[in-house]
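> what follows is a predicted structure for the sequence shown.
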Amino acid sequence: MRHGIAATALIAAIALAATACGGGDTDGGGKGADGKISGTVTYWDTSNEAEKGTYEQLALGFQKKYPDVKVNYVSVPFGEALAKFKNAAGSGGSGAPDVLRAEVAWTQDLANIGYLAKLDGTSALADRSDYLPKAAAGTRFKGATYGVPQVIDTLGLFYNKKMLKEAGVRPPTSWTGLKAAAKKIKQKTGKTGLYLRGDDAYWYLPFLYGEGGDLLDTGKKQVTIDDAPGVKAFAAARGLVASGAAETDATDGWDTMQHAIKNGDVAMTVNGPWAIEDTLAGKAFADKSNLGVVPVPAGSGGQGAPQGGHNLTVYAGSKNLDASYAFARYMSSAEVQAKTTEKLSLLPTRASVYRNEAVAANPNVKFFKAAVDKAVERPWIPEGNSLFQAVLVQFPNVLAGRTSPKEAATAVGDAYRKLLKGDWK
Amino acid sequence: MTVDTGRIRTALARHWYAWAMVAPVVIVLGLIIGYPLGRGVYLSLTDADETNVERTIGINHLPATYRFTGLDKLTAVLKDEVFLDRLLWTVTWTVSCVTVTFALGLGLAVLLNRRFAGRAVYRSLLILPWAVPAFVSVFAWRLLYNERNGILNKLLDGGGIDAVPWLNDPTLAKVSVIAVNVWIGVPFMLVALLGGLQSIPGERYEAAEMDGASPWQRFRHITLPGLRPVSSTVVLLSTIWTFNMFPVIYLLTRGGPGDTTEILVTYAYRISFVNSPRDYAGASAWGVLILLILLLFAVVYRRALRKQGEV
């Protein structure tokens, strides 16, 4: 008995204990009498494997401009960064970075808890009028600004030009068109038309917007996902898989998707600018011009893809705020953004960078800029990140045909009403 | 009162040395088990979440603003059908894992309990899954299970069998996670039961053989009863471990597809670490309920064994 209880208690205690990991500390620093900044800036970068080398070089470039500042570059996997930051930031900030590259949906979440420094009036936002209005919208929470937009993105339809040509089809503009194209691709090449990610709720949004729906109506404080468009969106996604036009997985979606498009096992994927560099590394794209990008296909009620991106946020507990502001400004400066576009085809957030000749000539940027202009803004609320969890519970089962679209939409709607505090309907 | 303090005083005087010896253990246990446990139980009676707990952000200190809400959270969880769903699957998962692991472990232990060439090699090979850190083996299994690029399906493909959606179909995903957990759990059962087998006196088997008992009768009436003291303990431990087996589920399927393989602890983790704002009170309520369920199980299990004249 005693052993039983002790073991139970120990396991339960571990389950209950909210652990917070300590780590290194940041050097104090600041602005000297001459306005010079010094000290160390720890920067958590969340860019992916194909991007991080470029970002590290750029981040370290800050030291050339400010020789008194030491930049401590840390690459943190995107999937873990939010949890890691929260663990470190709440407990006095030991181990927390000074600057975090936060996904747009994290910004409101972190600002709501009080972890982020307000940037209005600081040097971080020195030339804020240059930022695209859409990018700037994702940095704001309750009337204040908590981030500097670094990149902006949306989803598009990536396609293998050669495979589509072989099948004699043009890049589809609607999901029904995609179904027909996939059939021809299957006949001519034996390959599947589309790889659709089933393990990430973000990939549900183009279907939802395509039916003219949205997750929430933040103005009316209303949950709208369980309305007719939400149901139709689930049905449209299921239709692609059921007809064999698309293949999907409930786990390991990113790796499987990239493996499939890079090897030429599928002709199309739905993806964002962050995947360009990685996709081009595949053997199907040895000739880089073989990759084409068009807007995500339209549904029965319109066409749209979610607006995403990353902001540079400054930890409110940073011991070196001045250098952090300068660093955030530098990492989103026109000069750095032009470089990330040139090397990684990422989309700048500054209007002035789009006027840069090299940027304007990049075909992927040209396409994605037009797509971003039309992209749908996500609800900028603290729970924004959790909204995906509820969709993710249903999405794979809908795609596999085990949950009906109607049941799934209702379940997500119920989950949202449970999640959102206050007078949400 | 005076009698009581007097008794305590004499007890202290007589056993002060023993008390001093156990003090460090008591203090350490109190710190690493008692405090988090007490804190968890307390949080489950509040409405604490990430936005209202006490936090220190650099030089700024924000005081706690959450309120004591009594049993509200616990009753809300119990009324939630998600809890019952998850509980049902957690019980299915635990029972199947423990039964299969025990049966396989016992079978292998009986096989390895005889003398034959290379016995030591077999024994060490079978213990291998135990020696590999759980997360490493789980990641290896995930690669094996991958529907399109995994080795399992490549092998089946060679035999002309279509790709099996190991982790993409709810029922198959359940079978797959159970299989991995069995694979990880068998060595422990094997070692424990092998020890138990070796403590059964050989004379009993000889006597039974003299009386003409068949191999099955010997197994049924000597081996099984002889293993009782060991097996009752390993089954209890294994049940508790499996019930809370976080890494296998989380790393293999993340609870998916959908939430079909999500057990109670992984769901509690989701509430407390994945959702935002993190709901500390809700997760603690789940934790307290898990603790109560396991305590109840341990008490009932031990009672049942005692009735049968064990322990």
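Looks like it arrived, so ask away.

> most proximal residue of the stretch 301-425 of chain A with respect to chain B?
A:Gly317 (2.5 Å; C-beta to the nearest C-beta). Yep, even glycine has a C-beta here, placed from its N, CA and C like the rest.

> tell me how many other residues surround the closest residue to that residue other than its chain neighbours.
Leaving aside its sequence neighbours, A:Gly317 sits nearest to B:Gly58 (C-beta to C-beta, 6 or more residues apart in numbering or on different chains; 2.5 Å). Other residues lying near B:Gly58 total 18 when counted by other C-beta atoms under 10 Å in any protein chain shown.

> need the contact list for the residue of the stretch 301-425 of chain A closest to chain B.
Counting by C-beta atoms under 8 Å, 6 or more residues apart in numbering or on different chains, A:Gly317 makes contact with A:89, A:92-93, A:96, A:115, B:56-60.

> same thing but at 10 Å, please
By C-beta atoms under 10 Å, 6 or more residues apart in numbering or on different chains, the residues touching A:Gly317 are A:26, A:88-94, A:96, A:98, A:114-117, B:55-60.

> cool, A:Ser300 as well?
Going by C-beta under 10 Å, 6+ apart, A:Ser300 touches A:174-176, A:210-212, A:229, A:232-233, A:236.

> among these, name the buried ones.
Those of those that meet the buried threshold are A:174-176, A:210-212, A:229, A:232-233, A:236, by 16 or more other C-beta atoms under 10 Å in any protein chain shown.

> kindly reformat the residues you listed as a markdown table containing distance to B:Asp85, secondary structure and pLDDT.
As requested, the buried ones among the contacts of A:Ser300 are exported to a markdown table (distance: C-beta to C-beta, whole Å; DSSP: H, G, I helix; E, B strand; the rest coil; pLDDT from 0 to 100):
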| residue | distance to B:Asp85 | secondary structure | pLDDT |
| --- | --- | --- | --- |
| A:Ser174 | 38 | strand | 94 |
| A:Trp175 | 32 | helix | 95 |
| A:Thr176 | 36 | helix | 94 |
| A:Gly210 | 32 | helix | 94 |
| A:Glu211 | 29 | coil | 94 |
| A:Gly212 | 33 | coil | 93 |
| A:Pro229 | 28 | helix | 95 |
| A:Lys232 | 27 | helix | 96 |
| A:Ala233 | 25 | helix | 96 |
| A:Ala236 | 28 | helix | 95 |
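
> wait, which of the residues you listed is closest to B:Val91?
A:Ala233 (35.2 Å; C-beta to C-beta).

> find the nearest non-adjacent residue to the residue of the stretch 101-250 of chain A found nearest chain B, please.
As assessed by C-beta to the nearest C-beta, chain B sits closest to A:Ala250 within the stretch 101-250 of chain A, at 3.4 Å. The shortest distance from A:Ala250 to any non-neighbouring residue, by C-beta to C-beta, 6+ apart, is to B:Pro257 (3.4 Å).

> pretty sure the one you found contacts A:Asp199?
Yes: counting by C-beta atoms under 10 Å, B:Pro257 touches A:Asp199, with 8.2 Å between them.

> more neighbours: which of those two?
B:Pro257 (30 against 24).

> sorry, back to before: tell me the pLDDT of the residue nearest to A:Ala250.
pLDDT, B:Pro257: 85.

> OK, contacts around it?
Counting by C-beta under 10 Å, 6+ apart, B:Pro257 touches A:198-199, A:249-251, A:392-397, A:399-400, A:402-403, B:165, B:167-170, B:172-173.

> wasn't it part of a helix?
No: assessed with DSSP: H, G, I helix; E, B strand; the rest coil, B:Pro257 is coil; it does not lie in a helix.

> hmm, back to that, of the contacts of B:Pro257, grab the buried ones for ChimeraX.
A single ChimeraX command suffices to select whichever of those are buried according to 16+ other C-beta under 10 Å:
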select /A:198,199,249,250,251,392,393,394,395,396,397,399,400,402,403 /B:165,167,168,169,170,173
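
> okay, now A:Ala135: neighbour count?
26.

> sorry, back to before: so which of the buried ones among the contacts of A:Ser300 would you say is closest to A:Ala409?
Looking across the buried ones among the contacts of A:Ser300 and measuring by C-beta to C-beta, the closest to A:Ala409 is A:Ala233, at 8.1 Å.

> any stretches of chain B with poor pLDDT?
In the predicted model of chain B, residues B:1-4, B:309-311 satisfy pLDDT under 70.

> state which helix of it is the longest.
Identified as the longest helix of chain B according to DSSP state H is helix B:81-112.

> please enumerate the helices of the stretch 201-311 of chain B.
B:202-210, B:215-218, B:224-243, B:246-253, B:264-269, B:280-307 (DSSP state H, counting those that start in this stretch).

> run a quick neighbour tally on B:Tyr122.
14.

> contacts only, for A:Lys232.
A:207-208, A:210-213, A:299-301, A:405-406, A:409.

> correction: B:Ala117
So B:Ala117 contacts nothing (C-beta under 10 Å, 6+ apart).

> tell me the contacts of whatever residue of the stretch 51-200 of chain B ends up closest to chain A?
Ranked by C-beta to the nearest C-beta, the top residue of the stretch 51-200 of chain B for proximity to chain A is B:Gly58, at 2.5 Å. For B:Gly58, the contacting residues are A:26, A:89, A:92-93, A:96, A:115, A:117, A:315-319, A:321, by C-beta under 10 Å, 6+ apart.

> next: A:Asn263.
With contact set as C-beta under 10 Å, 6+ apart, A:Asn263 has these partners: A:191, A:282-284, B:149.

> buried subset of those residues?
So, of the contacts of A:Asn263, A:191, A:282, A:284 end up buried under the neighbour-count rule (16+ other C-beta under 10 Å).

> of the contacts of A:Asn263, which is the nearest to A:Gly79?
B:Asn149 (20.2 Å).

> contacts only, for the closest residue to that closest one other than its chain neighbours.
Counting by C-beta to C-beta, 6+ apart, A:His259 is the residue found nearest to B:Asn149 once chain neighbours are left out, at 6.2 Å. When contacts are counted by C-beta under 10 Å, 6+ apart, A:His259 touches A:195, A:252, A:265-266, A:282, B:146, B:148-149.

> mind running it again at 8 Å?
A:265, B:148-149.

> now name the helix or strand holding it.
For A:His259, the element it lies in under DSSP states H and E is helix A:253-263.

> what element comes up after that helix heading to the C-terminus?
Next along from helix A:253-263, by DSSP H and E: strand A:266-271.

> on that earlier part again, which of the contacts of A:Asn263 scores worst on pLDDT?
Comparing the contacts of A:Asn263 by pLDDT, B:Asn149 comes last, at 80.

> from A:Lys183, how far off is that residue?
25 Å (C-beta to C-beta, to the nearest Å).

> got the contact list for A:Val376?
A:205, A:209, A:214, A:304-307.

> any chance of those in JSON lines, plus distance to B:Trp93 and pLDDT?
Below are these laid out as JSON lines (distance: C-beta to C-beta, whole Å; pLDDT from 0 to 100):
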{"residue": "A:Leu205", "distance to B:Trp93": "33", "pLDDT": "95"}
{"residue": "A:Tyr209", "distance to B:Trp93": "38", "pLDDT": "95"}
{"residue": "A:Asp214", "distance to B:Trp93": "37", "pLDDT": "93"}
{"residue": "A:Gly304", "distance to B:Trp93": "41", "pLDDT": "90"}
{"residue": "A:Ala305", "distance to B:Trp93": "39", "pLDDT": "92"}
{"residue": "A:Pro306", "distance to B:Trp93": "35", "pLDDT": "93"}
{"residue": "A:Gln307", "distance to B:Trp93": "40", "pLDDT": "91"}
